[in-house]
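Trainee: Have a look at this prediction, sequence included:
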Protein chains: 2
Amino acid sequence: MGTESSYDVTQYERPSVTVDTVIFTLRQGELQVLLVERKNWPHEGEWAIPGGFVQMDESLSVAARRELKEETGVDDPDVYLEQLYTFGAPDRDPRTRVITVAYFALISSERLRLHAGSDAASAAWFPAYHPPPLAFDHAEILSYALERLRYKVEYTAVAFQLLSETFTLTELQKAYEHILDEQLDKRNFRRKVLAANVLEATTFVRSGDHRPAKLYRFREDAVAEVKTRRLFP
Amino acid sequence: MGTESSYDVTQYERPSVTVDTVIFTLRQGELQVLLVERKNWPHEGEWAIPGGFVQMDESLSVAARRELKEETGVDDPDVYLEQLYTFGAPDRDPRTRVITVAYFALISSERLRLHAGSDAASAAWFPAYHPPPLAFDHAEILSYALERLRYKVEYTAVAFQLLSETFTLTELQKAYEHILDEQLDKRNFRRKVLAANVLEATTFVRSGDHRPAKLYRFREDAVAEVKTRRLFP
DNA sequence: ACAAAAGTGTTGAGAGTACACCCATGC
DNA sequence: GCATGGGTGTACTCTCAACACTTTTGT
C-alpha cells in the first residue's frame, strides 16, 4: 500500500479472508491429508481442506494454528506450519468473494495419537496422492501443497516433522520414499544422512520381529540446508 | 474453508486486502527497486512499496499487474510477476486491519524506457540492497523479495527477465553478479550457460568502445530448470 | 535352522572449480 | 600501437549412482 498518502479505509467493499490449512501426516504406510466433510453444499459428498475466517485481531499464522487445533486437538507451537500461497480468484467461492491464505502443516502420527478424541466429528484422513472429490479450488490447493512438500523435503530437513522423536534409519527412508513417491538406495541413503550430521544416535533400539534397529534423534541444533546446485555458476 | 456446511458469509467483520508489488530492474549497474513517497504519514520522508486495494471482481495477480501499470506505465502480460508472500500481522498498518498479498516483478530497463512518461510523479528507483527508510513492514517485504529473487535466480532462468531481448554474455553475467552480489568466473559461466542450451546466438553484435560482443537471445522454448541437489538421496 | 530386516564399501562417471592467455576493435 | 573488454581449454577434486553380501534377532 503506497500511492495514497491519505485515504478513507472504509470506502472499499472488502472481501472475506479465510485461512485453509493442509494437514499432512504419515499413517498406514502412506502420506495422508486431513479433510472435512461438506454435508450438502456445494455438492453431495465433497470434502474440503479445513479452514475458517481470520479474526480481526489474530495474525494469519495464529489463525492457521487455531484451525489445526480445532481439527486435530493438537495445540503445540513445535508443529511445523508454513504459509503456502494465497488463492483469490473472484469466483473461487460462488457465494461471495473469499480470499484464502493456504498453509500446510506436518504432524507426526505420534502427536496425533496423544490427542485422539478431538471434536473433529466430520474430519477424516485420506491418501494425499488419492483424495476424494474436493470442493471449490481445494484440489488445486492440495496439489500445490504436495508440490511444495516434495520440493521442500529435498533441500531441508522437514521430513523429520512427520516422524516420532526417535526413529530408525529405515523409518526415515520410508518417510522420504512416501513423500517423494520414489524408491531410494539403502546404502546411499544411510551414508548421506549420516554424513549430513543432523542425527544423533540414541542408546536405544527398536525391537520388532527381527534384528533390532538403532534409534536416532534429530539434532535440535542441526542446520540442515543443502547448498543448491545452480543453473549457472 | 471447510467446517461450516452453511454459514452467513456477512456475519464476520472483514479486513482490508491490498496487493503490494515489489518492482525490480537493473539500472545504473545495480539492482534497483521502485518505491513511492508517502508524503506525511506515518512519518516524514518514508517510502513505500507501491500497492492498492484489491477490487471485488479482480484476481490478485490482476491487481498486481494493475499496480505495475499504474506505477511504470508498462502493461505487458510478458512482464514477470510472481506471488511472494502474504503479510497479515494485525498491527502492521496502525489505521486498520490490512492484509497485503505481496508480489514481485522483474522488468528490463529497456521496457521501462518505452514507457518513460507515466503518471508516477512521486515514484523513484532506489538501490534494492540500500533502500531508504520504509513505511509499515515494507522493509521486511523487500528483504523477503530479495531473498526469493536470489534463490530463484539460482535454479531458474528468471534473470533474463531483467535484460533486453538480446544481450551479450557479459551483460548476462553482470546481471547474475548484481543479483547474487557475488563475483563469477567468466570461463565457467560461459561454458555452463552455453551448455544449458537456453540461448540462441543472433547474427548481431553489440559494438561499443572495443571488440564487439555477440548478441544472444533467450530461447522461448527453453526449459531452464536445474535438478536440485538433494539433502538426502 | 531359517526367515526377515539391519547394517556395511567400492568403483566409475560426471560435474564443479580454479586458473592465464590471445583476440578484435576503437582511438 | 595500445588500451579495453571479448573470447577460449585443461587438470584436479568432489559428489553421485550403481551394486550384493554379512549380521543379528525372533520363532
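Mentor: Yep, it's here. Keep in mind that what you see is a predicted model, and the values were worked out from it rather than measured. Numbering: from 1, shown residues only, chains lettered A, B, ... in the order given.
Trainee: CA only for contacts and neighbour counts going forward, please
Mentor: Will do.
Trainee: got any ranges where chain A has weak pLDDT?
Mentor: Residue ranges of chain A with pLDDT under 70: A:1-12, A:40-43, A:114-121, A:223-229.
Trainee: In it, what residue spans correspond to helices?
Mentor: Taking DSSP state H to define them, one finds helices in chain A at A:60-72, A:109-114, A:138-155, A:169-180, A:186-195.
Trainee: what would those look like in JSON lines with mean neighbour count?
Mentor: JSON lines is the format used below for the helices of chain A (neighbours: other CA atoms under 10 Å in any protein chain shown):
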{"stretch": "helix A:60-72", "mean neighbour count": "22"}
{"stretch": "helix A:109-114", "mean neighbour count": "14"}
{"stretch": "helix A:138-155", "mean neighbour count": "18"}
{"stretch": "helix A:169-180", "mean neighbour count": "18"}
{"stretch": "helix A:186-195", "mean neighbour count": "14"}
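Trainee: Go through these and name the closest to B:Glu37.
Mentor: helix A:60-72 (28.0 Å; CA to CA).
Trainee: contact partners of that closest one?
Mentor: A:19-21, A:23, A:50-55, A:74-75, A:81, A:83, A:101, A:103, A:112, A:115-116, A:118-120, A:123, B:87-89 (CA atoms under 8 Å, 6 or more residues apart in numbering or on different chains).
Trainee: From those residues, keep the buried residues only.
Mentor: A:19-21, A:23, A:50-55, A:74, A:81, A:83, A:101, A:103, A:123, B:87-89 (16 or more other CA atoms under 10 Å in any protein chain shown).
Trainee: beta partners for the most centrally placed residue in chain A?
Mentor: What sits nearest the mean C-alpha location of chain A, by CA atoms, centre = their mean, is A:Ala105, with 2.8 Å. Assessed by DSSP bridges, A:Ala105 has beta-bridge partners A:Ile23, A:Leu81.
Trainee: List the contacts of it.
Mentor: A:Thr21, A:Val22, A:Ile23, A:Phe24, A:Val79, A:Tyr80, A:Leu81, A:Glu82.
Trainee: what's the answer for A:Lys186, then?
Mentor: A:Gln173.
Trainee: So A:Glu70 versus DNA strand C, what's the distance?
Mentor: 35 Å (CA to the nearest atom of the strand, to the nearest Å).
Trainee: Kindly report the same for A:Ala48.
Mentor: According to CA to the nearest atom of the strand, A:Ala48 stands 36 Å off from DNA strand C.
Trainee: measure that residue to A:Val33 for me?
Mentor: Taking CA to CA, to the nearest Å as the criterion, A:Ala48 is separated from A:Val33 by 11 Å.
Trainee: same deal with A:Leu26?
Mentor: Distance from A:Leu26 to A:Val33, by CA to CA: 9 Å.
Trainee: cool, and A:Tyr144?
Mentor: In this view, A:Tyr144 and A:Val33 are 13 Å apart by CA to CA.
Trainee: Show me which residues of chain A sit near DNA strand D.
Mentor: Within chain A, the residues that sit near DNA strand D (CA under 7 Å from any atom of the strand) are A:Asp185, A:Lys186, A:Arg187, A:Asn188, A:Lys192, A:Ser207, A:Gly208, A:Asp209, A:His210, A:Arg211, A:Pro212.
Trainee: how about CSV for the residues you listed, with distance to B:Glu154 added?
Mentor: Putting those into CSV (distance: CA to CA, whole Å) gives the following:
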residue, distance to B:Glu154
A:Asp185, 28
A:Lys186, 30
A:Arg187, 30
A:Asn188, 26
A:Lys192, 23
A:Ser207, 45
A:Gly208, 45
A:Asp209, 47
A:His210, 46
A:Arg211, 44
A:Pro212, 43
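Trainee: Out of the residues you listed, which two sit at the greatest distance?
Mentor: With CA to CA as the measure, no two of these lie farther apart than A:Lys192 and A:Asp209, at 27.1 Å.
Trainee: which residues does A:Ala123 bridge with?
Mentor: A:Val36.
Trainee: which residues does it contact?
Mentor: A:Ala123 touches A:Leu34, A:Leu35, A:Val36, A:Glu37, A:Glu71, counting by CA under 8 Å, 6+ apart.
Trainee: Going by distance to A:Ala222, which of the residues you listed wins?
Mentor: Nearest to A:Ala222 among the contacts of A:Ala123, with distances taken as CA to CA, is A:Leu34, at 29.5 Å.
Trainee: can I assume that closest one is in contact with A:Ala124?
Mentor: Yes. Applying CA atoms under 8 Å as the test, A:Leu34 and A:Ala124 come out as touching, 5.6 Å apart.
Trainee: And those two? Which one has more around it.
Mentor: Ranked by neighbour count (other CA atoms under 10 Å in any protein chain shown), A:Leu34 and A:Ala124 place A:Leu34 first, with 23 against 14.
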